[in-house]
Structure formats: C-alpha cells, structure tokens
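Colleague: Sharing a sequence plus its predicted fold:
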Amino acid sequence: MSMLRLENVVKDYPLRSGVFGGTSGVLRAVDGVSLDIAAGSTFGLVGESGCGKSTLSRMVLGLERRTAGRIDAAGRDPQELKGASLKAWRRDVQIIAQDPAGALPARMRVRRLLEEPWRIHRIEPPHGRPIQVAQLLSQVGLTERHGRAFPHQLSGGQRQRVVIARALALEPRLVVCDEPVSALDVSVQAQVLDLLRRLQSEYGLTYLFISHDLRVVRSMAAEIGVMFSGLLVERGPADAVYRRPAHPYTRELLNAMPSIDGGRRLRSVAFGPPAATLDGDARRTGCPYRLRCPLAIDRCVAERPPLRQVAPTRFSACHRAEEVLSATRTSQSIGDHK
C-alpha cells in the first residue's frame, strides 16, 4: 500500500523585476519529480541546499501549491482539499521541522504546546488531556517536569523531542522529517534518530526523511532519492546507492564526506573539481549537472537524461550511468566510517 505518491510534480516560482515587480520569467524549483513510499517505510531524500527538497516537502504538506503533476498523501491530494476536509487531512500528515526553537512558541509551556493540536481539532483524548500529555512526554523520553518548562529552558535535543511529541499527538500516518537533526550535536542526533526508529516501529509511521547528511539518511532509510537542481537524479536501495552510485552527482556527494583517515572512499574515474552551476536558459536544455561532471559528452549538452532503470532496483538520470556503475569500486564501507 502506498502512503505517499508523487507523479511528475513541478513547482515554478515567478521571477520579479523592475519597479512594479513585473514577471520576467520563472524559477523551476522542482522539475518533474516522481516517487512512491510504501506505508510503514522510510524514504530518504538527499541533496545540497537549494536543490528543491524542502519545496517538495511543503507541497506534500499542502503548504505550497504545485504547478503541475499530482500528489497523493495519506490517500488524498492536499491541493484538492479545503475547509473542514483539509483540516481533517492534516491529522494524518505531520511535520518534524529542522529548527525546534523556531517551531515552538516561546511563551507557551510544553504541556500547553502538546495540548494545542487537540484544541485546534477539537479532540478530547479518551483519558483526558493531562494524562495524554504525560503519555506523550514519556513516549519521547521526557517527564512531567519538562512539561512544566518553557521551550527556552530545554536543551536542543529536548526541544526536538517536544516537536516529535507534538507531531504524534494527532496519531498521524505520514510524517515529513525535514532536516530533523541537523541543528543538534552528533551525540544528540543519534539519540533522536533512535527515537524516530522506535516510534516508527511502534506506530507504523511512514517517513519522508529529508536531509543533506548522507550518513543520517542511510541510517534511517531503506530507499533513497538524490536531488539536484530540482530533479531526482538517482533512486534505489540505500546500501546499493552508497556502495555503487549510478550518477556522478551522487559520487560527488559521497566523495565529499569526511573520513577518519582523510582519504576518499570511492575510487574509479577521476572526478574533477566542481565547475559553475547552470542557470537561466542553459538549465532548460541538456543535463543540468553537465558543467560539474567530468564525464559530460556532447549528448549531455543536447539531451536531458531521463530517470531510467539502469540495473535491478536502480534508477539514474545519466546518459553514462552504466559506466559509472561498472567503474565504481568501494575501497571502504560507508558504514565503517563513523
């Protein structure tokens, strides 16, 4: 059963110029992304800042209107809902945001923050709100003492646990995790990730897990997608993608990861330094990664590569994906580098 399905989703933003703010063109932030997430699973979405990950998540949450394509989240298309039906749908789809301090009103005690979703949706928990708040706090490793505190009195990890508890209050089916541990120390990250895995197991949650951190995504997701310049350029099982990437951009991300010995982990063709990033008219034709790719050929300038199957369970938007796959030799497992 699919919990989230995206079909050729596109998001354009108008570009304004001049004194009167006339439209001079469009910026395509998401460019025809398709993916399918099974109920109870985690799909990891990785890529550098500005690649379109967060824009995609906002469309899934119904906070942005897509320009084209279709989204089916928890059985409904948020863009086709309004009023009471949209409010009811939001109970099934929740978010765990990147910045817990910004996500929590500073003047509300934690216990009131956790009660707020029930007030908004006019729900009375079966055992009463105080008992239900205590249970939520316990589920995320906090106590009633934390419930009496204000957000600024908690540590960053504790605030993120409050955000997670608030997301769980309405018993959602789909949770969008948008960089949920990027603002935390490494030791605290591990604790919060363990908590997310445990909650998924206990409640059958489905996660769309978004991050720029490759290690974090691999530890959470069975399947990952790699985004570049609004496009999904690679998709496949997490271990397979990390050990044998099928797109040059994925190789660039992996080779950029620091290692204990200071060396690179993936050895094959020589990948040169990043070149300029395409913009304007140049981005609309050919492969948007071509100026940064040492394998670019004339075909990459003239023809945009589609996301296609290049091996069992592996998809890549690269004209030379088979060569990238066959050339890859993993000198050391990503999982061995902690």
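Modeller: Here it is on my side, so go on.
Colleague: Give me the neighbour count for residue 171.
Modeller: Neighbour count of residue 171, defined by other Cβ atoms under 10 Å: 11. In short, each C-beta sits where N, CA and C put it, glycine included.
Colleague: tell me the contacts of the residue lying closest to residue 141 once chain neighbours are set aside?
Modeller: Closest residue to residue 141 apart from its sequence neighbours, by Cβ to Cβ, 6 or more residues apart in numbering: residue 161 at 6.0 Å. Applying Cβ atoms under 8 Å, 6 or more residues apart in numbering, we find residue 161 in contact with 140-142, 192, 195.
Colleague: Which of those fall within helices?
Modeller: Judged by DSSP state H, these include 192, 195 as members of helices.
Colleague: Among the contacts of residue 161, which pair sits farthest apart?
Modeller: Greatest spatial distance in the contacts of residue 161: 142 and 192, 12.2 Å, computed using Cβ to Cβ.
Colleague: And what about residue 245, helix, strand or coil?
Modeller: coil (DSSP: H, G, I helix; E, B strand; the rest coil).
Colleague: Mind checking which of the contacts of residue 161 are buried?
Modeller: 140-142, 192, 195 (16 or more other Cβ atoms under 10 Å).
Colleague: since we're on residue 101, how many residues are nearby?
Modeller: For residue 101, the tally of surrounding residues (other Cβ under 10 Å) stands at 14.
Colleague: Name the helix or strand for it, please.
Modeller: Here residue 101, judged by DSSP states H and E, is contained in helix 100-103.
Colleague: Just read off the phi/psi values of residue 162.
Modeller: Taking degrees, to the nearest 10, you get phi -60, psi -40 for the backbone angles of residue 162.
Colleague: Next one, pLDDT for it please.
Modeller: Note on residue 162: pLDDT of 96.
Colleague: From residue 241, how far out is it?
Modeller: For residue 162, the distance to residue 241 equals 33 Å [Cβ to Cβ, to the nearest Å].
Colleague: So which of the two has more stuff around it?
Modeller: residue 241 (30 against 25).
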